[in-house]
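In: 3D, please:
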Amino acid sequence: QPGLNWQASIDTDGWEPDSPVRGALHVEVEAATLPEIHPSLDRFDGAILADASISGTLNAPQVSAAGTWKEGALVWLEPSVELSAIDLQWQADPNGWQIQGNAQSEQGGALSIQGRGDGYGLDANIEGDIASTGLNLQSEQWEVTAVPRAHVIASQGNVSFDGAAHIPKAKITIRTLPSALPKPVPDVRVRGRPDPVAAGAQERLQGTLQISLGDDVRLELLALAVRLRGEVVAQISGTEVVALHGELTVADGSLNASGQSLKVKEGRILFSGDPTLAYVDLIATRDIKDYSPPLEVGLRVSGRTDSLKTTVYSMPAMNETRALSFLVLGRDFNEESDADSNQLLSAAISLGLSQSQGVVDQLRGVLGLDELSALAAEQNDVAIVAGKRITEDLYVRYSYNALSAISALIIRYHLTDRWRLEAT
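Out: Prediction:
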């Protein structure tokens, strides 16, 4: 086979079970000529050398081996990892094995690994350390530079680790949020799909990872762009983060809302267990400097991530309708202007101000409507309903669902006291 060279020799003093045996094996392989190891492994280069010796007897041979991977290079696609100048050494004998090596990351950081084990089966005890001075990881939605270190222990098929990762630089971009689809309980079996991994298998990997953020960690989430700081501690079981504790603060950032770019004045994200539920408290504002006295208006987003609430913020304090007008229009609310009323109603819908009943009540009077309300049928599902009585017998209602963007026009006409005609 191209790229493969090997030499072997073996000798024995006889064929009796206790006859001494001697042998040697030398192998040289160009890594690039090896068959595909994994679809995500895009590049695998370098020279792999291995030497093995055989001693003992025919019925109890003893094998010792040592090898190196020199001038190696590796490119992994997802997440994207590129390593070069790989120098790896290993040795093994009947009592156990040892491995150590180092490499350079794409950004010039160093990666080191060392480990040892006292056997080769699942009951072997294995211990090792992994560390890097700057590892660059990339995906379609994020690019992270990390400085990780971890101590790993494996025994009886179970793996535990204790590690830390400092992230001096990162850019995470999320343009769309995943649908909140229900997950089947573990007992559910779906035809045509493999059975879920057993809980015992998931629990074989357990560990704690302390994550600290540096000064250049940026998050772009829909209309929000912020720079984050802080520390969190993640508890990992299997391939999932099962608990998260800590606090992240917003160093600076912006929020685009209703055509306005708001400056994030302050913000924090608290994790107290469930990694999918965090407490958020964020204030984003704009300054109205050509008003006397100058005003500061904005939005406050607060609450758990599964039940966030948006309120209008103003300094000095004023009623919500005026504050929303300064926020959206940059000036005070004109009750005589239908255009102002329509813009504020649209802003209230898009910003999710369903709790701002004062704004809705005032706009209902200004627009001359008999009905104007925001109904929350389900979590994060808000419908705006507007109605007007045209005559004593004719009533027209319009509804718009802000989540599904589905609208409906309902016309009701009372024919008699007992009969009513309705069209949608």
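In: nearest residue to residue 123 other than its sequence neighbours?
Out: residue 156 (5.9 Å; C-beta to C-beta, 6 or more residues apart in numbering). The C-beta positions use only the backbone N, C-alpha and C, and glycine is treated the same way.
In: over to residue 142?
Out: Nearest one to residue 142, counting by C-beta to C-beta, 6+ apart, is residue 172 at 4.3 Å.
In: in the stretch 1-150 of the chain, which spans are strands?
Out: 4-12, 21-30, 41-57, 60-76, 81-93, 96-105, 110-117, 126-132, 135-138, 142-155 (DSSP state E, counting those that start in this stretch).
In: compare these and give me the one nearest residue 279.
Out: strand 142-155 (23.3 Å; C-beta to C-beta).
In: show residues contacting the following helix or strand past the closest one.
Out: Counting by DSSP states H and E, the element after strand 142-155 in chain order, helix or strand, is strand 158-174. Residues outside strand 158-174 that contact it (C-beta atoms under 8 Å, 6 or more residues apart in numbering) are 130, 141-154, 204-222.
In: which of these count as buried?
Out: The neighbour-count test (16 or more other C-beta atoms under 10 Å) marks 130, 143-148, 150, 152, 154, 205, 207, 209, 211-213, 217-219 as buried among the contacts of strand 158-174.
In: about what we covered before: pick out the shakiest of the strands of the stretch 1-150 of the chain, pLDDT-wise.
Out: Mean pLDDT is lowest for strand 135-138 among the strands of the stretch 1-150 of the chain, at a mean of 81.
In: that one - contacts with which helices or strands?
Out: strand 81-93, strand 142-155 (3 or more C-beta pairs under 8 Å, 6 or more residues apart in numbering; DSSP states H and E).
In: output those in TSV; the columns should cover distance to residue 414.
Out: Below are the helices and strands packed on strand 135-138 laid out as TSV (distance: least, C-beta to C-beta, whole Å):
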stretch	distance to residue 414
strand 81-93	70
strand 142-155	59
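In: ok, which of the ones you listed comes nearest residue 288?
Out: Across those, closest to residue 288 is strand 142-155 (C-beta to C-beta), at 36.3 Å.
In: that closest one pairs with which strands, parallel or anti?
Out: Next to strand 142-155 in the sheet, as set by DSSP bridges, lie strand 126-132 (antiparallel), strand 135-138 (antiparallel), strand 158-174 (antiparallel).
In: what's the most buried one of these?
Out: The highest mean neighbour count among those, using mean count of other C-beta atoms under 10 Å, belongs to strand 135-138: a mean of 20.
In: dump that strand to PDB, keeping only the CA atoms.
Out: Provided in PDB are the C-alpha atoms of strand 135-138 (Å, rounded to 0.1, in the frame of the first residue of the first chain):
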ATOM      1  CA  LEU A 135      -7.600  27.000  21.000                       C
ATOM      2  CA  ASN A 136      -9.800  28.400  18.200                       C
ATOM      3  CA  LEU A 137     -13.100  26.700  17.600                       C
ATOM      4  CA  GLN A 138     -15.500  27.700  14.800                       C
END
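In: where exactly do the helices run in the stretch 301-424 of the chain?
Out: Remark: helices assigned in the stretch 301-424 of the chain by DSSP state H, counting those that start in this stretch are 320-329, 338-351, 357-367.
In: strands of the stretch 301-424 of the chain, start to end?
Out: 309-315, 371-378, 381-389, 394-401, 406-414, 420-423.
In: least reliable of those strands going by mean pLDDT?
Out: strand 371-378 (a mean of 52).
In: so how many other residues sit close to residue 248?
Out: 22 (other C-beta atoms under 10 Å).
In: please apply the same query to residue 70.
Out: 14.
In: need the contact partners of stretch 246-262.
Out: 211, 213, 215, 223-233, 263-264, 266-271, 282, 284-286, 298-299, 327-328, 346-347, 350-351.
In: before we move on, the earlier item: between the helices of the stretch 301-424 of the chain, which gets the lowest average pLDDT?
Out: Among these, helix 357-367 scores lowest, with a mean of 49.
In: show the buried residues in the contacts of stretch 246-262.
Out: Looks like the contacts of stretch 246-262 have 211, 213, 224-228, 230, 232, 264, 267-271, 282, 284-286, 298-299, 327-328, 347, 351 buried, using 16+ other C-beta under 10 Å.
In: dump the strands paired with strand 142-155 to JSON lines, plus distance to residue 65.
Out: Listed next are the strands paired with strand 142-155 as JSON lines, based on distance: least, C-beta to C-beta, whole Å:
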{"stretch": "strand 126-132", "distance to residue 65": "18"}
{"stretch": "strand 135-138", "distance to residue 65": "30"}
{"stretch": "strand 158-174", "distance to residue 65": "24"}
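In: right, and residue 411 touches residue 391 too?
Out: No: the pair residue 411 / residue 391 is not scored as a contact, 11.8 Å apart, by C-beta atoms under 8 Å.
In: the more surrounded of these two?
Out: residue 411 (13 against 8).
In: tell me the bridge partners for that one.
Out: Going by DSSP bridges, residue 411 forms beta bridges with residue 396, residue 423.
In: residues contacting it?
Out: 394-396, 422-424.
In: ok, it to residue 395 distance?
Out: 8 Å (C-beta to C-beta, to the nearest Å).
In: likewise residue 302?
Out: Residue 302 is 38 Å from residue 395, by C-beta to C-beta.
In: neighbour-wise, which of those two wins?
Out: Set side by side, residue 302 and residue 395 show more neighbours around residue 395, with 19 against 14, by other C-beta under 10 Å.
In: the more buried one contacts residue 420, correct?
Out: No: counting by C-beta under 8 Å, residue 420 is not a contact partner of residue 395; they are 10.0 Å apart.
In: between these two, which contacts overlap?
Out: Contacts common to residue 395 and residue 420, judged by C-beta under 8 Å, 6+ apart, are 412-413.
In: excluding chain neighbours, give the residue nearest to residue 223 in space.
Out: residue 256 (4.2 Å).
In: actually residue 120, not the one I wrote
Out: Going by C-beta to C-beta, 6+ apart, residue 120 has residue 97 as its nearest residue, at 7.5 Å.
In: convert the C-alpha atoms of stretch 114-124 to PDB, please.
Out: C-alpha atoms of stretch 114-124 as PDB (Å, rounded to 0.1, in the frame of the first residue of the first chain):
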ATOM      1  CA  GLN A 114      -0.500  13.700  28.600                       C
ATOM      2  CA  GLY A 115      -2.100  10.600  30.100                       C
ATOM      3  CA  ARG A 116      -1.400   7.100  31.400                       C
ATOM      4  CA  GLY A 117      -3.300   3.900  32.100                       C
ATOM      5  CA  ASP A 118      -2.700   0.700  34.000                       C
ATOM      6  CA  GLY A 119      -4.500  -1.500  31.500                       C
ATOM      7  CA  TYR A 120      -6.400  -1.800  28.200                       C
ATOM      8  CA  GLY A 121      -9.900  -2.900  29.100                       C
ATOM      9  CA  LEU A 122     -12.900  -1.100  30.500                       C
ATOM     10  CA  ASP A 123     -11.700  -1.900  34.000                       C
ATOM     11  CA  ALA A 124      -8.400   0.000  33.500                       C
END
